[in-house]
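Trainee: missing the sequence, but the structure's below:
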Ligand SMILES: NC(=O)NC1=NC(=O)NC1=O
């Protein structure tokens, strides 16, 4: 976590590196870095959210490359992998029944929509995630694209809040 005024003063490469684990979309990261300096955290988050509103299916596909399936905590020391593990920490990996249900649900979702199921996992239990997955399986393609993009924005903004503080 670094302070906003420190972020404002970083050279562009260092600022990009700091934000890279938020989402695997360098265009978003570069635009946010270019919009510095930010007078307040609220201004930073407003700009980040506004830049993310333009995301569509291409951005979702690209971003999913850095998001492991729910229940498949990624190995690896990269920051985004550690963040995923932390975000999914409420999914009790020892609950074999839940893990099996998530595996089945992920497979059904991927067969239906052709991409990995994405949900903002932080603050949700494994059961809540499984319930959301089952609810979303009933969505149309367009509805589900909108929901998945909103989840990507939530994950990204939460990671941004974890990277830059007062
Ligand atoms: N497939 C996923 O939903 N992955 C994730 N959700 C999170 O909140 N972090 C992840 O890595």
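Mentor: Sure, I can see it. Quick caveat: nothing in here was measured; it's all calculated off a predicted structure. Numbering: from 1, shown residues only.
Trainee: what about stretch 41-54, average pLDDT?
Mentor: Within the predicted structure, the mean pLDDT of stretch 41-54 is 98.
Trainee: So what's the gap between it and the chain middle?
Mentor: Its chain's C-alpha centre lies 15 Å from the corresponding centre of stretch 41-54 when counted by CA atoms, centre = their mean, to the nearest Å.
Trainee: again with stretch 85-99
Mentor: Worked out by CA atoms, centre = their mean, stretch 85-99 lies 17 Å from the chain centre.
Trainee: And stretch 84-97, by the same measure?
Mentor: Using CA atoms, centre = their mean, the distance between the centre of stretch 84-97 and that of its chain works out at 16 Å.
Trainee: cool, and stretch 116-135?
Mentor: The chain centroid and the centroid of stretch 116-135 are separated by 13 Å under CA atoms, centre = their mean.
Trainee: what's next to that stretch, contact-wise?
Mentor: The set of residues that contact stretch 116-135 without belonging to it, under CB atoms under 8 Å, 6 or more residues apart in numbering, is 60, 64, 67, 69-71, 86-88, 90-92, 95, 98, 101-102, 105-106, 109-110, 136, 148, 151-152, 154-155, 158. Backbone N, C-alpha and C define where each C-beta goes, glycine included.
Trainee: Just the ones of the residues you listed in helices?
Mentor: Among the contacts of stretch 116-135, the members falling in helices are 60, 64, 86-87, 98, 101-102, 105-106, 109-110, 136, 148, 151-152, 154-155, 158 (criterion: DSSP state H).
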